[in-house]
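K.L.:
A structural model of the following input is requested.
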Amino acid sequence: MDDVPRSAQSGGFALIRCLVAKRQYLLTEKVQNLLSEGYFETEDLECSIVNGTVEKTECDEFKDSVGNKKYIIIGPDRCGYLFYSVGKLQRLDGSRIYTVITAHHAEENYD
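P.N.:
Numbers count the residues shown, from 1 in each chain. Here you go, the predicted structure:
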């Protein structure tokens, strides 16, 4: 946590933004499949999280996240189109990491 700005050390969305900006995040298999199928690019996801807002939080049904929360984030992709993602902060080897559960352009739904 030494390389995390003081404002992000307590966690929450500030920490998520910091982790994503430093590319310290994981993608679920679902998100990896969408990426490999060309639905969006990694940079669109990163841009939307770093420049987006938390629309709401929900309880994590798997209860394996920090604070038992999932974050629903909407923000602009590299071209300015709204992009939707859901993720959660988790602990991994003594550090916190952000895991992206699902992601897609806001007007699309790839369930």
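K.L.:
low-confidence ranges, the chain, go.
P.N.:
In the predicted model of the chain, residues 1-8, 10, 108-111 satisfy pLDDT under 70.
K.L.:
do you have the strands of it handy? List them.
P.N.:
Assigned by DSSP state E, the strands in the chain fall at 25-27, 53-59, 69-76, 82-92, 95-105.
K.L.:
contact partners of the shortest one?
P.N.:
Right, the one you point to is strand 25-27. 19, 35, 87, 97-100 (CB atoms under 8 Å, 6 or more residues apart in numbering). Every residue, glycine included, has its C-beta placed from N, CA and C.
K.L.:
for the residues you listed, give me JSON lines that also has distance to Ile73 and neighbour count.
P.N.:
Below are those laid out as JSON lines (distance: CB to CB, whole Å; neighbours: other CB atoms under 10 Å):
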{"residue": "Leu19", "distance to Ile73": "13", "neighbour count": "21"}
{"residue": "Leu35", "distance to Ile73": "17", "neighbour count": "16"}
{"residue": "Gly87", "distance to Ile73": "7", "neighbour count": "27"}
{"residue": "Ile97", "distance to Ile73": "16", "neighbour count": "15"}
{"residue": "Tyr98", "distance to Ile73": "10", "neighbour count": "22"}
{"residue": "Thr99", "distance to Ile73": "13", "neighbour count": "18"}
{"residue": "Val100", "distance to Ile73": "9", "neighbour count": "24"}
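K.L.:
ok, those vs Leu45, which is closest?
P.N.:
The shortest approach to Leu45 among the contacts of strand 25-27 belongs to Val100, at 6.7 Å (CB to CB).
K.L.:
that closest one: what's it in contact with?
P.N.:
25-28, 31, 45, 85-87.
K.L.:
what's opposite the residue lying closest to Ala103 once chain neighbours are set aside in the beta bridge?
P.N.:
Counting by CB to CB, 6 or more residues apart in numbering, Ala103 lies nearest to Ser85, which is 4.0 Å off, once chain neighbours are set aside. Beta bridges link Ser85 to Ile73, Ala103, judged by DSSP bridges.
K.L.:
state the distance from Ser85 to Gln9.
P.N.:
Distance, Ser85 to Gln9, by CB to CB, to the nearest Å: 23 Å.
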